[in-house]
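Participant: okay, here's the prediction I keep looking at, along with the sequence it came from:
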Amino acid sequence: MRKLKSILLYTALGLLANIGHAETVDLEALRVGDMRKLTFHSAPIAGSDVAFMSEDGNEMTLADFNGQHIVLNFWATWCAPCRKEMPELSALQTDLGGEKFQVVTVATGRNPLPAMQKFFDEIGIDNLPLHTDARQSFARSMGVLGLPVTLIMDPDGNEIARLQGDADWHSDSAVAIITTLIASD
């Protein structure tokens, strides 16, 4: 598995070195396993300016993440597939999170903060935010109809890819895709 990860990563970085922009790199070729469910858009889709609540109770929007690629995950405490994929999102944040990239989690619908904290505690998550979208306004504005849904947003706040359902976001394929995007800036 580690060998496959290395091959994917070096292939992606080699393509970037030769071409220079993720838009021209065939990111589709990096989609393996669960990432085959990831759909790249032919053109970026403008993100939403609808507010959601930060974990400290303040309103925020996607504009708060300008300049960063983000993996934006919509989830809920009652969602079994969300429980399955959250540790993978956490591992992705641990490995790649920083100035150019972060995983942003938003619990949509009725998800009381104590229940969200318990959910994270039970599965050992301590590095992802507990943002909320109680009225689902933000989720609806982003076209989220079921859970989980994960979007990849570019540094300008545009949606460039979408995955419906759970996935291994720490797989070799996912890491290669995100690394390629980060390196393109």
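Facilitator: That came in fine, so what should we check first?
Participant: low-confidence ranges, this structure, go.
Facilitator: For the chain, the stretches with pLDDT under 70 are 1-25.
Participant: now the strands for it?
Facilitator: 39-46, 52-53, 59-60, 69-75, 101-108, 131-133, 149-153, 158-164 (DSSP state E).
Participant: okay, those strands in a markdown table with distance to Ile123 and mean neighbour count next?
Facilitator: Every residue, glycine included, has its C-beta placed from N, CA and C. Formatted as a markdown table, these follow (distance: least, Cβ to Cβ, whole Å; neighbours: other Cβ atoms under 10 Å):
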| stretch | distance to Ile123 | mean neighbour count |
| --- | --- | --- |
| strand 39-46 | 27 | 11 |
| strand 52-53 | 22 | 22 |
| strand 59-60 | 24 | 14 |
| strand 69-75 | 11 | 23 |
| strand 101-108 | 12 | 24 |
| strand 131-133 | 17 | 22 |
| strand 149-153 | 17 | 23 |
| strand 158-164 | 20 | 19 |
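Participant: what's the closest of those to Asp185?
Facilitator: strand 69-75 (7.7 Å; Cβ to Cβ).
Participant: any idea how far the most centrally placed residue in the chain lies from Asp154?
Facilitator: Nearest residue to the geometric centre of the chain (Cα atoms, centre = their mean): Val71, 1.8 Å. According to Cβ to Cβ, to the nearest Å, Val71 stands 12 Å off from Asp154.
Participant: what residues are shared contacts of the two?
Facilitator: The contact sets of Val71 and Asp154 do not overlap (Cβ atoms under 8 Å, 6 or more residues apart in numbering).
Participant: give me every residue that touches the nearest residue to the residue nearest to the centre of the chain once chain neighbours are set aside.
Facilitator: Of all residues not flanking Val71 in the chain, Val103 sits nearest, at 4.8 Å (Cβ to Cβ, 6 or more residues apart in numbering). Listed by Cβ under 8 Å, 6+ apart, the contact partners of Val103 are 70-71, 73, 89-90, 92-93, 97, 128, 169.
Participant: how about a cut-off of 7 Å?
Facilitator: By Cβ atoms under 7 Å, 6 or more residues apart in numbering, the contact set of Val103 is 71, 73, 89, 92-93, 97, 128.
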